[in-house]
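Novice: Following is a predicted model, sequence given first.
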There are 2 protein chains.
Amino acid sequence: MSLDDVLQHIDEAVPAATERLKSLLRIPSISTDPAFARDCDAAADWLVAELQSIGVTAEKHETPGHPMVVGHADGPGPHVLFYGHYDVQPVDPLEQWTNDPFDPRIEDTPRGKVIRGRGTSDDKGQLMTFVEACRAYKDVNGALPCRVTFFFEGEEESGSPSLVPFMRDNAEELRSDIALICDTGLFQSRTPAIVTMLRGLLGEEVTVTGPDVDLHSGFFGGLAMNPVRALAGILADLHDDRGQVAVPGFYDGIPELSDDVRRQWEALDFDHAAFLGSVGLSQPAGEAGRSPLEMIWSRPTAEVNGIIGGYTGDGFKTVLPASATAKISFRLVQGQDPLRLRAAFRQFVQDRLPPDCEAEFTGHGASAASVMSTDDPAFEAARGALSDEWPDAAAYVGCGGSIPIAGHFKEILGTDAMLIGFGKDDDAIHSPNEKYDLESFHKGIRSWARVIDALT
Amino acid sequence: MSLDDVLQHIDEAVPAATERLKSLLRIPSISTDPAFARDCDAAADWLVAELQSIGVTAEKHETPGHPMVVGHADGPGPHVLFYGHYDVQPVDPLEQWTNDPFDPRIEDTPRGKVIRGRGTSDDKGQLMTFVEACRAYKDVNGALPCRVTFFFEGEEESGSPSLVPFMRDNAEELRSDIALICDTGLFQSRTPAIVTMLRGLLGEEVTVTGPDVDLHSGFFGGLAMNPVRALAGILADLHDDRGQVAVPGFYDGIPELSDDVRRQWEALDFDHAAFLGSVGLSQPAGEAGRSPLEMIWSRPTAEVNGIIGGYTGDGFKTVLPASATAKISFRLVQGQDPLRLRAAFRQFVQDRLPPDCEAEFTGHGASAASVMSTDDPAFEAARGALSDEWPDAAAYVGCGGSIPIAGHFKEILGTDAMLIGFGKDDDAIHSPNEKYDLESFHKGIRSWARVIDALT
């Protein structure tokens, strides 16, 4: 039977697929709250049963936290691993929801039908697009077109503490030719995209200390060094006049985009004015001479995430503070070594400390960027399949955030990952009234059927 | 009878004077806590009776807060007004006191006898030095050498809300040739000093806003302007490389010290290394080319008193903050107009805002510096009197802080004030175990006897 038969079957089965998704959504598998531990377990059981119902050999694996679900289905083609997560975010503030977050509803909206409830988009709805694609493919053809390993975790929303140990302990079982991850979105809610660049993250906290105690700014002001002044000077130096990060060596080893990717990004016609306008801004504030997409996807950054020092309550207190602290994060790209840059940043601070000030540092994570080898023909095959399904041609895109799972597949299993997802910008993930468009669900299932078909 | 007779009488009367002081100290006149309102009233009554016992016509005046005490004693010479405050600071943390703060004790210490208890130094002990000098002068001579108005307030430790209205309403009764204020200390705990310069204070709070909401630094970092970065840049610009405040026009109109005052300050031999060393610092951090005493007394400053923005809790959050706020105070000196500088500072900030950032300002007080006209012969007379009493010659000094009462005398009554006090740096005012040296008390009484004698 042909792919068209599978796609037609998917179209007919959407109502049944939606009911199956609702059944999973009704399980309040909030991973971060111990009160819902049994529900996380129930969601894992539900997935094991679901996979078994389409002939997959599936098992729940206990961890120190919530269980993993691993399933295997034989097939003739290459070996693909599909990753998703069955845990969801908490639902506070509950009073802002228009329905019970765990009693999902189909709603008509001006932009089409949506299914509303916690986890609809992040990540149960997305996860089920792949499972439903496999169900349809098998229903029509009796078997999958490639060997598939299913890998579902239940701790993604609480920092994935068990993930790396589990991947290390089960590397043989999980190793595949390519990993597929469905936890991202359509670019600008419209264009299918394969994320091939994820920025890394270096977190640093620096406390500049001066006097032993807070001083009276009348008695000491003008004579004693103020640590806020010292810290402000350091933070002001962090960017030069052209918006570049001034830490020595910061840009060493960063490659330029390939012409091919640059063309794809230009074709995306990113509406940065609308993107910035949605949060009350208008001007790209990054490196001069870089496009807005480069600024958020392929160029590194330094951002102050928080700063505090001295008296910050109501009114006024004429204190000369004993210390000031800033939390600073660097988004890293290909070619940047987090630990080398941590040392360079700390030296940068030390070099700028005035007399009588000292700096103390706390590191908060250091992960390198992930960049996929799109030379693997699987990438072009998947891009073609997505382009066939959607009105816009699919593109390789970046992601300014850090999705650690992609790096783990590379580091632990030696496998590149394709991040393909169908979420939209207004899905309100992590917020009240999360939703997933039925279009995302339906065309998502069709997309995966096309992709696994194309990978053979 | 001669001044020597008065001084000898003071020496003999110290035990009785100490008992009178203890009696006042036993009244827990904490002005900031409504639970002690009756005690504040009792302290005012005590002072009325005390003044009456030396022949002063004294009255308690009700205010919306705690009462004022005003008394008058005729005399032949010029009219002087003496100001002190009978209210005291709270005593928390009580467990750190070695005795009941309102059961004052005489203690032998390695540095001499002290009287320990709340208010001993700030300001009951100091206030009583003047009252006791008058008592002795009258005991010996039958009358005071000049006309004296006594003016005691009970709200100094809680912001003096009733002071200005009371002074305005009773300006005629309070107007005098010179005001004497006893609420300061010996310079370096040793040298008698008349404060003739008090810095003013301009308080400003600025909030720099950027995006409408806190942003995810992965998705927006590198593209969106970060208000902390903008604010840090502004604060870093606030001082130039030579430690000068960079607000345009900031130093316009500031006079240089007279040669006479400069010589007096040089003679003070200020141990800035010890002063800074006591709080863990070593380097004067003010304007290049200025002496440490100029930095804290006669030169203006800009200090960040507090800063906050973004995530400041435990751990890390990769937020790009929507806003950042700093509280900034400027200590002002002679020649600086607070309102003109407020406008100049706000323009300075506006000129440095990057695109997409806005600044909101809140003013927190604006008071000009107070500088006394030492041309009035009373100043040299008092300085000579103090030099006669103490081993070191007395000096005109500055005070980096702002003591509003001096400015009020000038503005409301048109009267210059001499701030003369005998506190020492280790008196622990506002802290547990406050004390006043019996030497301060005894020589303080003798000092005032000499001063009022010299003013005639």
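Specialist: Good, I have the coordinates. What you are looking at is a predicted structure, and each value in this text was computed from that prediction instead of being measured. Numbers count the residues shown, from 1 in each chain, chains lettered A, B, ... in the order given.

Novice: Next, please give the residue ranges for the strands of the stretch 51-200 of chain A.
Specialist: Counting by DSSP state E, counting those that start in this stretch, the stretch 51-200 of chain A has these strands, from start to end: A:57-61, A:68-73, A:79-85, A:105-109, A:112-116, A:147-153, A:178-181, A:193-198, A:200-209.

Novice: what angle separates the second one from strand A:147-153?
Specialist: Using axes from the mean of the first three to the mean of the last three CA atoms, to 10 degrees, the interaxial angle of strand A:68-73 with respect to strand A:147-153 works out to 170 degrees.

Novice: Over to the fourth one?
Specialist: Put simply, strand A:105-109 runs at 100 degrees to strand A:147-153, going by the same axes, to 10 degrees.

Novice: packing partners for strand A:105-109?
Specialist: The elements that strand A:105-109 packs onto, with contact taken as 3 or more CB pairs under 8 Å, 6 or more residues apart in numbering or on different chains; DSSP states H and E, are strand A:112-116. Bear in mind the C-beta positions are built from the backbone N, C-alpha and C, glycine included.

Novice: now the strand it packs on, how far from the chain's geometric center?
Specialist: Using CA atoms, centre = their mean, to the nearest Å, the distance from the centre of strand A:112-116 to the centre of the chain it belongs to is 23 Å.

Novice: partners of it in the sheet?
Specialist: With DSSP bridges as the test, strand A:112-116 is paired with strand A:105-109 (antiparallel), strand A:435-437 (antiparallel).

Novice: in terms of contact count, name the helices or strands touching the helix or strand just after the shortest one.
Specialist: What it means is strand A:435-437. Using DSSP states H and E, the next helix or strand after strand A:435-437 towards the C-terminus is helix A:438-454. Applying 3+ CB pairs under 8 Å, 6+ apart, one finds that helix A:438-454 contacts helix A:3-25, strand A:112-116, helix A:124-141, helix A:377-389.

Novice: how about the residues of the stretch 101-250 of chain A near chain B?
Specialist: A:199, A:201, A:203, A:205, A:210-213, A:215-226, A:228-229, A:231-233, A:235-239 (CB under 8 Å from any CB of the partner chain).

Novice: As TSV, the strands paired with strand A:112-116 with mean pLDDT and mean neighbour count would be great.
Specialist: Conversion of the strands paired with strand A:112-116 to TSV gives the following (pLDDT from 0 to 100; neighbours: other CB atoms under 10 Å in any protein chain shown):
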stretch	mean pLDDT	mean neighbour count
strand A:105-109	97	12
strand A:435-437	98	26
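
Novice: Mind checking which of the residues of the stretch 101-250 of chain A next to chain B are buried?
Specialist: A residue is treated as buried here by neighbour count (16 or more other CB atoms under 10 Å in any protein chain shown); on that basis the buried members of those are A:199, A:201, A:203, A:205, A:210-211, A:215, A:217-226, A:228-229, A:231-233, A:235-239.

Novice: Counting only helices, which of the residues you listed make the cut?
Specialist: Secondary-structure check on these using DSSP state H: residues within helices are A:217-220, A:228-229, A:231-233, A:235-237.

Novice: quick one: stretch A:277-285 to chain centroid distance?
Specialist: Centroid separation for stretch A:277-285 versus its chain: 22 Å, with CA atoms, centre = their mean.

Novice: Using CSV, write out the CA atom coordinates for stretch A:431-449.
Specialist: The C-alpha coordinates for stretch A:431-449 follow below in CSV (Å, rounded to 0.1, in the frame of the first residue of the first chain):
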residue,chain,number,x,y,z
SER,A,431,0.7,28.7,31.2
PRO,A,432,-3.0,28.5,31.9
ASN,A,433,-5.2,27.4,29.0
GLU,A,434,-2.5,25.5,27.2
LYS,A,435,-3.9,24.3,23.8
TYR,A,436,-2.8,22.4,20.8
ASP,A,437,-4.3,23.1,17.4
LEU,A,438,-6.1,20.1,15.9
GLU,A,439,-4.3,21.2,12.7
SER,A,440,-1.0,20.7,14.5
PHE,A,441,-2.2,17.3,15.7
HIS,A,442,-3.6,16.1,12.4
LYS,A,443,-0.9,17.4,10.1
GLY,A,444,1.7,16.4,12.7
ILE,A,445,0.6,12.8,12.4
ARG,A,446,0.7,13.0,8.7
SER,A,447,4.1,14.7,8.8
TRP,A,448,5.6,11.8,10.8
ALA,A,449,4.1,9.2,8.5
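
Novice: Identify the residue nearest the most centrally placed residue in chain A in space, chain neighbours excluded?
Specialist: Ranked by distance to the mean C-alpha position of chain A (CA atoms, centre = their mean), the top residue is residue A:403 at 4.0 Å. Here the nearest residue to residue A:403 in space, its sequence neighbours aside, is residue A:198; by CB to CB, 6 or more residues apart in numbering or on different chains that works out to 5.3 Å.

Novice: so the residue nearest to the centre of chain A touches residue A:183, yeah?
Specialist: Yes. Contact criterion CB atoms under 8 Å: residue A:403 and residue A:183 qualify, at 7.0 Å.

Novice: any shared contact partners between the two?
Specialist: Counting by CB atoms under 8 Å, 6 or more residues apart in numbering or on different chains, the contacts common to residue A:403 and residue A:183 are residue A:419.

Novice: Do you have the helices of the stretch 301-450 of chain A handy? List them.
Specialist: With DSSP state H, counting those that start in this stretch as the definition, the stretch 301-450 of chain A shows helices at residue ranges A:338-352, A:377-389, A:404-413, A:438-454.

Novice: Could you dump these into CSV and include mean pLDDT and mean neighbour count?
Specialist: Rendered in CSV, the data for these read as follows (pLDDT from 0 to 100; neighbours: other CB under 10 Å):
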stretch, mean pLDDT, mean neighbour count
helix A:338-352, 98, 16
helix A:377-389, 97, 19
helix A:404-413, 91, 20
helix A:438-454, 98, 24
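
Novice: Alright, I will stop here.
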